[in-house]
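Enquirer: Whatever this is, show me its structure:
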Amino acid sequence: MLRRRRGRSEAGVTVADTGRWQRWCEAALSGRREDAVTLLSGLRAALDDGPPYDRAAALDALTSAPAELLLLLDRHARPRSGGGAHRAAPPARGAVPAPAADPLRLLLGSLDEDGRVRGAAVEGLTGVGGPLAVAALALRTVDWVPEVRERATAALVARNAPDEVAAAVRVLLRLDGRSRAGGLVAAYRTVLSDPPHRRAVRALAADTDPLARRFGVQLALDLGSYVRGDLLRTALHDRDQVCRRLCAQRLLELDPDQAGRLMWARGAGVRELAVAALPGDVPATRLVPPLADRARMVRAQARWQLYRRGEPPADVYRKQLRKVGRSTPPRLAAGLAAGLGECGDAADAPLLMRLLGPRERDRAEPWPPMVRRAAVRAVGRLAKPADLVGLLGPLAADQDPGVAREVFEALGRVPDDVPVETLWIGRTRTEPAVRRAAERIGGRTYERTAPVGGAAAGRDLADVPRSSRGTVPGR
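Expert: I've put the predicted structure just below:
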């Protein structure tokens, strides 16, 4: 038989909720002063009365939080000069923090309003390792007291551990625009260029923070830390577009023949660089994929390659569009239609209208929506105003909302010629984007006709029911 153990009562034992630190940090990142004050007050309360495991949980939450949190805490740690309603509780005035003091106490001391306390905290943080201590030192490099700035800068330069360097760079990059920064990022970049910091630079190039990672990639490129295989892999598959472009530029400087491989990169910026690096005598057939690229900037660069040698790109588009058929990939057909719409003329409208019918003459299967959207957009740009309603009006009831929206956007060129029945179709559709496009045409038509013909001129349009955004038409 189990008996309850006699001794202290369990009623007086309380366990701190360590998960609150994560919630408070996420709330403080919103930038509201109230949330930052709540976090600061909780940190000071934990410092005075909290158990060791709770203070450790607070430090872990602060360490894993984005670098912006420390800047927000520094902004709201001191009371407002105007005596606002929300004031952070001032730290207890006692002995000046010693170098061996608690890291949380040193962190809060570095945010104090008293420069002597901040200076003593910087001295203490010099002997404390870890990313959070280094981030606090980086924050004090823009302190308004020159002595504090000098101590923090001297202590920061001596750190070379990869995680500490990353923490410092994250904060310094966000302080670079301040008047007291004084080129600190450039000076720290020079320090990182020394051989003892090469391991930290490689870690920076793989950091999770976008700004720090771009800084690390640029520094690694300047130091020659990337081989051609690394440059190609980063340019093709990296998740950050700035890093992809940086590596693509350097790779093309070293080996222009890699342009053919970079034309299939996931980033439009890399593909544009690859097209620009192609030789001037590249065959027009090799330019067909970039001419039909899904990104406008890539299509424009490919057309410029043809313009430079006196070949009109519209002829290439027309030749390729006459070849499209059932086996043509929809993305290629859509890109060709979009490209011709950017450089063609009114005579190309019949050729583009082929993409709005069946894919083959003997079958009723239509082109996919992405092709029809591109074709409608191109026809809306190139067709003569007198022909727009006849060409695109029947497509107002298209089952794809994207196609219908492009139809009404194109008909906006000739609002006076759009029949009331066509406007009714657009205003009674369930898609908000289509309804808004149709109502814009109706509004312009009413503004033009009402002053000339009186109230009766726009009565038909005014009687058409308008639906609020997100509601069912007619209600």
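Enquirer: Quick check, Arg271 in contact with Arg261.
Expert: No: judged on C-beta atoms under 8 Å, Arg271 makes no contact with Arg261 at a distance of 11.0 Å. No exception for glycine: its C-beta is placed from N, CA and C like everyone else's.
Enquirer: Which one's more surrounded, the two?
Expert: Between Arg271 and Arg261, Arg271 has the larger neighbour count (other C-beta atoms under 10 Å), namely 25 against 14.
Enquirer: In which helix or strand does the more buried one reside?
Expert: Per DSSP states H and E, Arg271 falls inside helix 268-276.
Enquirer: residues in contact with Arg318?
Expert: 340, 344, 348, 351 (C-beta atoms under 8 Å, 6 or more residues apart in numbering).
Enquirer: Quick one: neighbours of the last one, just the number.
Expert: Translated: Leu351. By other C-beta under 10 Å, 20 other residues sit near Leu351.
Enquirer: follow-up on the earlier one: state the pair within the contacts of Arg318 that is farthest apart.
Expert: Largest separation among the contacts of Arg318 by C-beta to C-beta: Gly344 and Leu351, giving 8.4 Å.
Enquirer: Counting neighbours, what do you get for Gly344?
Expert: 23.
Enquirer: Let me see the contact set for it.
Expert: Per C-beta under 8 Å, 6+ apart, neighbours of Gly344: 314, 317-318, 378, 382.
Enquirer: Now render those residues as TSV, adding distance to Ile441, secondary structure and pLDDT.
Expert: Listed next are the contacts of Gly344 as TSV, based on distance: C-beta to C-beta, whole Å; DSSP: H, G, I helix; E, B strand; the rest coil; pLDDT from 0 to 100:
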residue	distance to Ile441	secondary structure	pLDDT
Ala314	29	helix	94
Tyr317	29	helix	95
Arg318	31	helix	95
Ala378	20	helix	96
Leu382	20	helix	94
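Enquirer: Which of those residues sits closest to Arg44?
Expert: Closest to Arg44, out of all of the contacts of Gly344 and judged by C-beta to C-beta, is Ala378, at 63.9 Å.
Enquirer: check contacts around the residue lying closest to that closest one once chain neighbours are set aside.
Expert: The shortest distance from Ala378 to any non-neighbouring residue, by C-beta to C-beta, 6 or more residues apart in numbering, is to Gly341 (2.7 Å). By C-beta under 8 Å, 6+ apart, the contact list for Gly341 reads 352, 374, 377-379, 381-382.
Enquirer: roughly how far apart are Gly341 and Gln320?
Expert: From Gly341 across to Gln320, the span is 14 Å (C-beta to C-beta, to the nearest Å).
Enquirer: So Val371 sits against Ala337, correct?
Expert: Yes: taking C-beta under 8 Å as the definition, Val371 is a contact partner of Ala337 at 6.7 Å.
Enquirer: contacting residues around Val145?
Expert: So Val145 contacts 115, 118-119 (C-beta under 8 Å, 6+ apart).
Enquirer: Out of the residues you listed, flag the one nearest to Ala284.
Expert: The closest of the contacts of Val145, once distances to Ala284 are taken by C-beta to C-beta, is Arg118, at 66.5 Å.
Enquirer: For whichever strand or helix holds that closest one, which helices and strands make contact with it?
Expert: Counting by DSSP H and E, the element that carries Arg118 is helix 115-126. The contact analysis (3 or more C-beta pairs under 8 Å, 6 or more residues apart in numbering; DSSP states H and E) places helix 115-126 against helix 103-109, helix 131-139, helix 146-157.
Enquirer: for those, which one sits closest to Leu332?
Expert: Closest among the helices and strands packed on helix 115-126, using C-beta to C-beta: helix 131-139, at 48.8 Å.
Enquirer: what mean pLDDT would you report for the closest one?
Expert: In this model, helix 131-139 carries a mean pLDDT of 93.
Enquirer: Same check on stretch 341-361?
Expert: 89.
Enquirer: Over to stretch 191-206?
Expert: On average, stretch 191-206 scores 90.
Enquirer: now do the same end-to-end measure for that stretch.
Expert: 19 Å (C-alpha to C-alpha, to the nearest Å).
Enquirer: For Leu143, give me its contacts.
Expert: If you look again at residue 143, you'll see it is Asp, not Leu. Asp143 neighbours (C-beta under 8 Å, 6+ apart): 115, 118, 149, 152, 180.
Enquirer: For burial, what's the neighbour tally of Ala248?
Expert: For Ala248, using other C-beta under 10 Å, the count is 28.
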